[in-house]
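Novice: Return a 3D structure for these sequence lines:
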Amino acid sequence: MAKKKSKSPSVKTAETSAPVVEALRLVVADSYALLAQTHICHWNVRGPSFFALHAAFEEQYTELFAAIDEIAERIRALGALAPGGLGNLAKMAGTKEIAEDSSATEMVQHLLTLNQKLVTDLKSARDAAGDAGDDQTEDVMIARIQVHEKTIWMLNSYLA
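Specialist: Sure thing, here's the model as predicted:
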């Protein structure tokens, strides 16, 4: 007698994963926009805070690059395709680009705003994953929230 295969409740289907995937795609787009904007700030920062901000921005965009890869691979693990293309990612993220000649304070404020938007979208992705019973994605989103909340605290401290 052949055993009947039953679907485990923890198995992700296209139907249960769709809201998670869409939320993760936005997180990838937001993260890529933040990475690009942070890189521009790294290149163009000037003034008395140059050395500290130049180093901080490099640390941030380097960390983001690895994080984006992890999130895109999570999308693939859920059976979907990761978003790509600079124009597509920019459109998805919908963020304003910083002017190349911005002051250090304007750069920090801009990156603060982008990090805040990203945290909002990370929380939406976390909640979608929780609703879908996707503990792995939920854990990744919680870890990313922690990173960006710390960055927000540091950027706010600079502006204080």
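Novice: C-alpha only now, for contacts and for neighbours.
Specialist: Will do.
Novice: Tell me which residues touch I98, please.
Specialist: 37, 107, 110 (Cα atoms under 8 Å, 6 or more residues apart in numbering).
Novice: mind redoing it with 10 Å?
Specialist: Shown in contact with I98 (Cα atoms under 10 Å, 6 or more residues apart in numbering): 37-38, 40-41, 106-107, 110-111.
Novice: do I75 as well
Specialist: For I75, the contacting residues are 17, 20-25, 28, 69, 81-83, 137, by Cα under 10 Å, 6+ apart.
Novice: rewinding a little: take the contacts of I98 and keep only those in helices.
Specialist: 37-38, 40-41, 106-107, 110-111 (DSSP state H).
Novice: from the chain's centre, how far out does the worst-scoring helix or strand of the chain on mean pLDDT sit?
Specialist: Sorted by mean pLDDT, DSSP states H and E, the helices and strands of the chain end with helix 86-93, the least confident at a mean of 91. Relative to its parent chain, helix 86-93 has a centroid offset of 13 Å by Cα atoms, centre = their mean, to the nearest Å.
Novice: Can you pull up the most central residue in this protein?
Specialist: Centroid-nearest residue in the chain, with Cα atoms, centre = their mean: S31, separated by 3.4 Å.
Novice: Just to check, that one is in contact with P83?
Specialist: No. The pair S31 / P83 is not scored as a contact, 11.8 Å apart, by Cα atoms under 10 Å.
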